[in-house]
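*Asks:* All I have is the shape, not the residue letters:
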């Protein structure tokens with residue numbers, strides 16, 4: 001029997017891991033989004049927390065997440081994927097438990113850091129698995145399917161929170177505890193389905209040594225351009241993820257369940273966008289850089305229209321368009337484009353460094369946006385800043401890939 005076929009002796013292992021990893025992202029993103037639509041309720045619970053303090057909840061989570069990126073990538077390459085994935089998800093569950101039991105905002109920050117550290121192990125595991133096992137011709141599409149868990153989890157988190165908590169059906173802690181149950185179920189699935197791999201041993205042959213990723217290789221022009229672009233992309237994405245519900249409620253006239261429904265459209269329209277553009281990218285692999293640039297510019301344009309319009313109808317259409325062209329559509333293409341030149345044995349390390357630079361935006365944007373809101377009385381200026389950052393990042397990505405070449409590599 002083929003070693004890659006494990007599920008009922010029929011499904012190839014690469015398909016199996018796609019479904020399992022999608023579930024993992026669903027759970028992570030349910031947790032990430034269940035608090036954002038109910039910031040006013042959380043503020044009241046903790047005695048009137050400011051917008052900046054509410055932003056700190058996400059910023060501390062992402063601080064833990066970012067700090068874990070490079071260490072977890074190295075550990076995954078050294079010890080194995082499953083050996084890091086299981087403890088990481090258990091730490092995630094512990095952090096969520098601390099948040100759910102917190103009686104003051106400071107304890108919420110502590111739990112957020114722990115949850116972020118636990119979730120920080122997931123990225124390197126997920127995309128090193130897809131880079132190692134998924135056929136090259138299906139890699140962009142497969143990555144998009146895995147990333148669809150992000151959209152599904154975000155939508156479920158936003159809608160359930162705005163409806164169940166926003167309308168007073170449940171206290172906000174109840175959804176945290178429900179997420180802990182989902183975390184434990186995900187751990188059970190990882191234990192059963194993810195293959196236990198042997199740790200990487202010392203490299204013996206000269207050819208294998210050449211494939212090992214050096215520090216210098218992590219900062220080739222190709223890599224640097226991806227780091228810059230990913231930071232720009234995620235800055236806007238996490239602004240939307242953490243503050244769009246509040247922006248719609250406080251500045252655009254949305255209320256109640258409509259806040260969660262409107263915000264979730266970003267994530268639900270992202271699924272077809274990601275699948276369509278990833279399939280196109282797999283069919284024309286030499287045009288991935290051009291596709292990436294086009295999608296970034298389209299996302300920035302529709303976001304500008306979305307936040308400046310006075311029409312709720314146009315705003316909703318803009319939200320849907322950003323989801324279709326934005327982060328979840330372009331990310332699988334960037335990931336597969338980078339994976340094409342990743343040396344075997346250091347894939348998780350490369351993705352860890354890549355995600356470290358990108359996710360550093362998620363640490364900055366929640367608190368900075370809250371601060372901008374406290375100072376100016378509006379979050380609109382934070383959206384303008386995000387659009388400017390996308391424009392600069394895309395321009396630098398274009399310049400590097402157009403005029404600077406990696407050795408023996410044609411990237412544009």
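*Replies:* It's in. Not measured: the values here are computed from a predicted model.

*Asks:* Now for the residue nearest to the spatial centre of the chain, which secondary structure element holds it?
*Replies:* Nearest to the mean C-alpha position of the chain, by C-alpha atoms, centre = their mean, lies residue 150 at 6.8 Å. Using DSSP states H and E, residue 150 maps to helix 139-160.

*Asks:* Can you name the element that comes right after that helix?
*Replies:* helix 172-193.

*Asks:* Do me a favour and average the pLDDT over that following helix.
*Replies:* For helix 172-193, mean pLDDT rounds to 94.

*Asks:* and it, which residues are buried?
*Replies:* 172, 175-176, 178-180, 182-183, 186-187, 190, 193 (16 or more other C-beta atoms under 10 Å). Backbone N, C-alpha and C define where each C-beta goes, glycine included.

*Asks:* now swap in stretch 16-32 and tell me
*Replies:* In stretch 16-32, counting by 16+ other C-beta under 10 Å, buried: 16-18, 20-32.

*Asks:* what do you get for stretch 244-262?
*Replies:* 244-250, 252, 254, 258-262.

*Asks:* Now the two most distant members of these.
*Replies:* 250 and 261 (16.8 Å; C-beta to C-beta).

*Asks:* returning to that earlier point: between the helix holding residue 150 and helix 172-193, what angle do the directions make?
*Replies:* 150 degrees (axes from the mean of the first three to the mean of the last three C-alpha atoms, to 10 degrees).

*Asks:* how far out from the middle of the chain is helix 139-160?
*Replies:* 9 Å (C-alpha atoms, centre = their mean, to the nearest Å).

*Asks:* helices and strands around it, which ones?
*Replies:* For helix 139-160, the packing partners by 3 or more C-beta pairs under 8 Å, 6 or more residues apart in numbering; DSSP states H and E come out as helix 13-33, helix 122-133, helix 257-268, helix 270-283, helix 327-339.

*Asks:* Any buried residues in the helix or strand just after the last one, and which?
*Replies:* What it means is helix 327-339. Heading C-terminal from helix 327-339, the first helix or strand you meet, by DSSP H and E, is helix 347-376. Neighbour counts over helix 347-376 (16+ other C-beta under 10 Å) mark 347-370, 372-373 as buried.

*Asks:* Give me the below-cutoff pLDDT ranges for the stretch 51-200 of the chain.
*Replies:* Scanning the stretch 51-200 of the chain for pLDDT under 70 picks out the ranges 199-200.

*Asks:* again, 50 this time
*Replies:* Along the stretch 51-200 of the chain, segments meeting pLDDT under 50 are nowhere present.

*Asks:* residues in contact with stretch 91-102?
*Replies:* Residues external to stretch 91-102 that are found in contact with it (C-beta atoms under 8 Å, 6 or more residues apart in numbering): 28, 31, 64, 107-108, 110-119, 121, 173, 176-177, 179-180, 183-184, 187.

*Asks:* buried sites along it?
*Replies:* Quick answer for stretch 91-102 (16+ other C-beta under 10 Å): 91-100, 102.

*Asks:* what's around residue 104, how many residues?
*Replies:* 11 (other C-beta atoms under 10 Å).
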